[in-house]
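Novice: sequence and predicted structure, then a few things I'm wondering about:
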Amino acid sequence: MSEPVLRARELTRRFGGLVAVDRVSLELHRGSVHAVIGTNGAGKSTLINVLAGELPASSGSVQLRGHDVTRWPQPRRARAGIGRSYQRTTLFTQFSVLENCRLSAQAHHQKPWQVWRRAATCPVALPAARDAAARAGLSDVLDTPAFALSHGQRRQLEIAMCLATAPQVLLLDEPLAGMGAEETDRMLALLAELKSGHAIALVEHDMDAVFRIADVITVMVNGAVLASGPPHAVRSNPEVQAAYLGEAA
Amino acid sequence: MLDHRQISVLLGTLALALWPLVTGNFGVDLVAKTMIYAIVALSLELLVGTTGLVCFGQAAFFGLAGYAAVKLSPEGASASLWWLLPASMAVAAAYALFMGALSLRTRGVYFIMVTLAFAQMAYYVVHDTPLGGGTDGIYLYVKPVLALGNVTLLDLERPLTMYYVILGCLVAVFAALALLARSRFGRALAGIKANEQRMRAAGYSTYPYKLAAFAISGAIAGVGGFLFAVKDGFVNPELLSWHLSGAVLIMIILGGLGHLRGAVLGAFAFALLQELFKSEAIFGPFAKHWLLGLGLTIIASVAWLPHGLIGIADTWQRRARRAAVVGVS
């Protein structure tokens, strides 16, 4: 297998006496979807937050393409190639779809001192924004304000905003939450398409979707990894069945 | 082709330019003072309306620039405008940088309180030390001049010249902020206001952006402070008081947050309301309680005009469209 794009080693995050993430190690590879599943409160979102740099790790390390980024703040990690989406849709709701993507793309070409130049006509960020919106299937609604989008389109926009930052790693926190069957299919098709160019971590509760798309599954319980491996191995793991999958397995 | 916003700005500028031709000294002085407050309102609009930082210490930048203009002027001789204005702005920007560097570590109501505390700190320094001349303040006996060699370009002793210099500064500040709003820097500030978490996730270090906005805002408020000191020829601690910070905040809320035109409109509306409720010809003996009338009017405005005065046109347009739809159906 290729070198991992993102590697976490013995990652731990404590909140006082509570250990939300407990010595979790994982590797994300380009061309692979790594799903992280677990019950509510298992520490999945906290893990994503620590990987993205939104929360500092209490111990352990995070490496991006072999560089230790454990101490890097979130914006620096984002510029280095870690893109993320949120469990709760996090957009610039008053801005158009294109402006949401353009502002994200601009993060790589900030040049704030060029105050005489119009941001809306930036020759670098604008094509990147259009491209990201197109890849996420939002070309038809470029001028629509984000607040006027359907729930599924908002989730697509979250992904488009990530893509606009040209990430190498996508950390997706429940991108399918609240979606209908048709929207879920569309999103899974998008993720399958993105897989070839990105290393993807997917936190998700929809088990059908996870087993359709994931190449590797990590199961978390109480902040720690219970099992990790290919979907068929995880599905047949008796500990996983008992702790999480139950009848669904 | 100009849109309705640009047309309204041009008409407003034209009206201000022609105002001295149709009014006397009182009218010129009142509008000149209001334009200075409009500049300060624009500076606060950059922080509150554009960036989402509710600063309650804008008077500190205004007042310190005024004090700097007076203290840096040579006694008995006129200073050159070429360096005195930038120096006054630099003093205000430096204090804004200092205030911002520490206050931006806090959020919400704590941020508001810390900015207020910084402003009060500056207030008491000029109020209680010989540096600022105590409660009486200090006078500027000779106003600065703008000269090129031996040729005097602007003589600020003349009220009309002063008026047009203030108008020029207001137009320049407005244009600069409009340009800034369309730039990458301005869009990043708008993004920070809309969703700072998302901006950080996209790769923006938001702190330097907010700090830069603070410094720019301070410098612009400094322009106002400088003009005030030069126009009136004196400064006192009241220029740094929290009352003024509050009044400027009310101006931008009254005008409509998030709009440069709203800040200017709010400053003029505030001045107009102040003069109206102070008028003994209209309110008789009740005029001495003008603050009550002003306060009630502002409360009513905020309650009925949540988007400020600038939002009235939008509201009317929406109602007209709705009426048209109902009429058709």
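Specialist: Now that the structure is in, tell me what you want to look at.
Novice: give the closest residue to the residue of chain A most remote from its centre in space, chain neighbours not counted.
Specialist: The outermost residue of chain A relative to its centre, with distances by C-alpha atoms, centre = their mean, is A:W116 at 34.9 Å. Excluding the flanking residues, the one nearest A:W116 by C-beta to C-beta, 6 or more residues apart in numbering or on different chains is B:L179, at 6.5 Å. Quick note: C-beta positions are derived from backbone N, CA and C, even for glycine.
Novice: isn't the one you found right up against A:Q114?
Specialist: No - taking contact to mean C-beta atoms under 8 Å, the distance of 10.9 Å between B:L179 and A:Q114 leaves them out of contact.
Novice: for A:Q110, the count of nearby residues, please.
Specialist: Using other C-beta atoms under 10 Å in any protein chain shown as the criterion, A:Q110 is surrounded by 18 other residues.
Novice: now it, what's its secondary structure?
Specialist: Under the three-state scheme (DSSP: H, G, I helix; E, B strand; the rest coil), A:Q110 adopts coil.
Novice: related to what we said a few turns ago, quick one, phi psi at the residue nearest to A:W116?
Specialist: For B:L179, the backbone dihedrals (degrees, to the nearest 10) come out as phi -60, psi -40.
Novice: try A:V169
Specialist: In terms of degrees, to the nearest 10, the main-chain angles of A:V169 are phi -120, psi 140.
Novice: which SSE is A:T46 in?
Specialist: In this assignment (DSSP states H and E), A:T46 forms part of helix A:44-52.
Novice: other SSEs contacting that helix?
Specialist: In terms of contact count using 3 or more C-beta pairs under 8 Å, 6 or more residues apart in numbering or on different chains; DSSP states H and E, helix A:44-52 is assigned the packing partners strand A:6-15, strand A:18-28, strand A:32-38, helix A:74-80, strand A:82-85, strand A:169-173, strand A:199-203.
Novice: would you turn the ones you listed into JSON lines with mean pLDDT and distance to B:F185?
Specialist: Output for these, formatted as JSON lines (pLDDT from 0 to 100; distance: least, C-beta to C-beta, whole Å):
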{"stretch": "strand A:6-15", "mean pLDDT": "96", "distance to B:F185": "31"}
{"stretch": "strand A:18-28", "mean pLDDT": "95", "distance to B:F185": "34"}
{"stretch": "strand A:32-38", "mean pLDDT": "94", "distance to B:F185": "37"}
{"stretch": "helix A:74-80", "mean pLDDT": "96", "distance to B:F185": "16"}
{"stretch": "strand A:82-85", "mean pLDDT": "94", "distance to B:F185": "23"}
{"stretch": "strand A:169-173", "mean pLDDT": "95", "distance to B:F185": "28"}
{"stretch": "strand A:199-203", "mean pLDDT": "95", "distance to B:F185": "32"}
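Novice: B:I166 is nearest to which of those?
Specialist: helix A:74-80 (40.5 Å; C-beta to C-beta).
Novice: contact partners of the helix holding A:T46?
Specialist: Contacts to helix A:44-52, defined as C-beta atoms under 8 Å, 6 or more residues apart in numbering or on different chains, come from residues A:6, A:8, A:11, A:13, A:20-21, A:24, A:36-38, A:55-57, A:62, A:74, A:77-78, A:82, A:84, A:87, A:171, A:173, A:201, A:203, A:220, A:223, B:201.
Novice: neighbours of residue 185, just the number please.
Specialist: Here I'm looking at chain A. Summarising burial for A:D185: neighbours were counted as other C-beta under 10 Å, giving 13.
Novice: let's do chain B instead
Specialist: If we define neighbours as other C-beta under 10 Å, then B:F185 has 22 of them.
Novice: go on, A:V50?
Specialist: Other residues near A:V50 come to 24 when the count uses other C-beta under 10 Å.
Novice: state the distance from it to B:L180.
Specialist: Taking C-beta to C-beta, to the nearest Å as the criterion, A:V50 is separated from B:L180 by 36 Å.
Novice: and if you look at A:R79?
Specialist: A:R79 is 23 Å from B:L180, where distance means C-beta to C-beta.
Novice: kindly report the same for A:E182.
Specialist: 44 Å.
Novice: next: B:Y67.
Specialist: Computed as C-beta to C-beta, the B:Y67 to B:L180 distance reads 27 Å.
Novice: and stretch A:2-10, is it in reach of chain B?
Specialist: No - Stretch A:2-10 is not in contact with chain B by C-beta under 8 Å from any C-beta of the partner chain; minimum separation 15.6 Å.
Novice: give me the nearest residue to B:L53, chain neighbours excluded.
Specialist: Closest residue to B:L53 in three dimensions, ignoring its sequence neighbours and counting by C-beta to C-beta, 6+ apart: B:L47, at 4.6 Å.
Novice: what parts of chain A come near chain B?
Specialist: For chain A, the residues found near chain B under the criterion C-beta under 8 Å from any C-beta are A:52, A:54, A:73-76, A:78-79, A:83-84, A:86, A:90-95, A:99, A:103-104, A:106-120, A:122, A:161, A:164-165.
Novice: pull out the buried residues from these.
Specialist: A:52, A:54, A:74-75, A:78-79, A:83-84, A:86, A:90-92, A:95, A:99, A:103-104, A:106-108, A:110, A:112, A:115, A:117, A:119, A:122, A:161, A:164-165 (16 or more other C-beta atoms under 10 Å in any protein chain shown).
Novice: so for residue 1, what's the pLDDT?
Specialist: No chain was given, so I picked chain A. Residue-level confidence at A:M1 comes out at 58, pLDDT.
Novice: that's the other chain; I wanted chain B
Specialist: Note on B:M1: pLDDT of 78.
Novice: ok, A:E182 and B:L180, which is more surrounded?
Specialist: Regarding A:E182 and B:L180, a neighbour count based on other C-beta under 10 Å identifies B:L180 as having more, with 20 against 9.
Novice: give me the below-cutoff pLDDT ranges for the chain.
Specialist: Since you didn't name a chain, this refers to chain A. By pLDDT under 70, the weakly predicted segments of chain A are A:1, A:244-249.
Novice: wrong one, I was asking about chain B
Specialist: Applying pLDDT under 70 to chain B flags residues B:325-329.
Novice: just the helices in it please.
Specialist: Residue ranges of the helices in chain B, as given by DSSP state H, are B:4-22, B:25-45, B:58-72, B:81-103, B:108-128, B:159-182, B:184-202, B:206-232, B:242-255, B:260-278, B:280-283, B:290-304, B:311-328.
Novice: for the fourth one, packing partners?
Specialist: This means helix B:81-103. Helices and strands touching helix B:81-103, as assessed by 3+ C-beta pairs under 8 Å, 6+ apart, comprise helix B:58-72, helix B:108-128, strand B:145-148, helix B:206-232.
Novice: show me what the shortest one is packed up against.
Specialist: Strand B:145-148 is packed against helix B:81-103, strand B:151-155, with contacts defined by 3+ C-beta pairs under 8 Å, 6+ apart.
Novice: what residues does stretch A:133-141 touch?
Specialist: For stretch A:133-141, the external contacting residues (C-beta under 8 Å, 6+ apart) are A:97-98, A:101, A:130, A:142, A:149, A:153, A:156-157, A:159-160, A:163-164, A:186, A:190, A:193-194.
Novice: give me the neighbour count for residue 156.
Specialist: Just so you know, I chose chain A. Residues lying near A:Q156 (other C-beta under 10 Å) number 25.
Novice: hmm, I had chain B in mind actually
Specialist: Neighbour count for B:L156, taken as other C-beta under 10 Å: 21.
Novice: excluding chain neighbours, what is closest to it?
Specialist: Ranked by C-beta to C-beta, 6+ apart and with sequence neighbours excluded, the top spatial neighbour of B:L156 is B:K143, at 4.4 Å.
Novice: show me the contacts for the residue of chain B found nearest chain A.
Specialist: Relative to chain A, the nearest point of chain B is B:G203 (3.5 Å; C-beta to the nearest C-beta). Contact criterion C-beta under 8 Å, 6+ apart gives A:75-76, A:78-79, A:107-108, A:165 as the residues in contact with B:G203.
Novice: just want the angle from the helix holding A:T46 to strand A:199-203.
Specialist: Helix A:44-52 runs at 150 degrees relative to strand A:199-203, counting by axes from the mean of the first three to the mean of the last three C-alpha atoms, to 10 degrees.
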